[in-house]
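Undergrad: 3D, please:
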Amino acid sequence: MMRRAGQATHHLVRVIGTGCVVALLGLGAVSWRLSRGPVDLPFLAARIGAAASRLQPGLEVVVGHAGLAWEGFHTGGAPLDLRLSGISLRTPEGMVVGTVSHLRVTLSPLRLLQGSIAPIRILARHSTIAIRP
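TA: Next up, the predicted model:
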């Protein structure tokens, strides 16, 4: 009886160990891919645009491209960057009232681990806003 319990425990430890090794290899592969450049996420562009449009009734936010990038540990930390491009704000009539060519949102890794999204830096490049009476 004791020998059977010992074998079961040994088998369980091997399964857990193998799972941990596979998880670490997967995490390493994802980290390496993100450090090579942004990963294009087209489904995310549409979801971000729809969510932003719901926040401001009367404006439609269109996001052309979305990507996720990681600059690695060499930049003083390990934040993830959400990179958006081709952003436009339109009225219900279709008139463009604002554009942002590139938007880079640096996300807090600690807050991501806690299950929430919290930007720690937002950088917009080539932005225009039209103000009409």
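Undergrad: and Ile117, which of the three is it?
TA: Applying DSSP: H, G, I helix; E, B strand; the rest coil to Ile117 yields a three-state assignment of coil.
Undergrad: what's near enough to touch it?
TA: Neighbouring residues of Ile117 by Cβ atoms under 8 Å, 6 or more residues apart in numbering: Leu107, Arg111. C-beta: built from backbone N, CA, C; applies to glycine.
Undergrad: got phi/psi on it?
TA: Here the main-chain torsion angles of Ile117 (degrees, to the nearest 10) amount to phi -110, psi 120.
Undergrad: start at 31 instead
TA: Fine by me, first position is 31 from now on; the one you just mentioned is Ile147.
Undergrad: shouldn't Ala96 be in contact with Ala75?
TA: Yes: taking Cβ atoms under 8 Å as the definition, Ala96 is a contact partner of Ala75 at 3.9 Å.
Undergrad: for this structure, which segments count as helices?
TA: Ranges of helices in the chain, per DSSP state H, are 32-65, 72-85, 139-143.
Undergrad: before we move on, back to that, looking at Ala96 and Ala75, which is more packed in?
TA: Here Ala96 and Ala75 are compared on neighbour count by other Cβ atoms under 10 Å; more neighbours surround Ala96, at 24 against 20.
Undergrad: before we move on, the earlier item: wait, which of the helices of the chain is closest to Gly128?
TA: Distance to Gly128, taken as Cβ to Cβ, is lowest for helix 72-85 among the helices of the chain, at 11.5 Å.
Undergrad: how far does that closest one sit from its chain's centre?
TA: 13 Å (Cα atoms, centre = their mean, to the nearest Å).
Undergrad: contacts for that helix next, please.
TA: Outside of helix 72-85, the residues that reach it under the criterion Cβ under 8 Å, 6+ apart are Leu89, Glu90, Val91, Val92, Val93, Gly94, His95, Ala96, Leu98, Leu114, Ile117.
Undergrad: check the residues you listed and tell me the two furthest apart.
TA: Leu89 and Leu98 (25.2 Å).
Undergrad: more neighbours, these two?
TA: Taking Leu89 and Leu98 together and counting by other Cβ under 10 Å, Leu98 has the greater number of neighbours (17 against 14).
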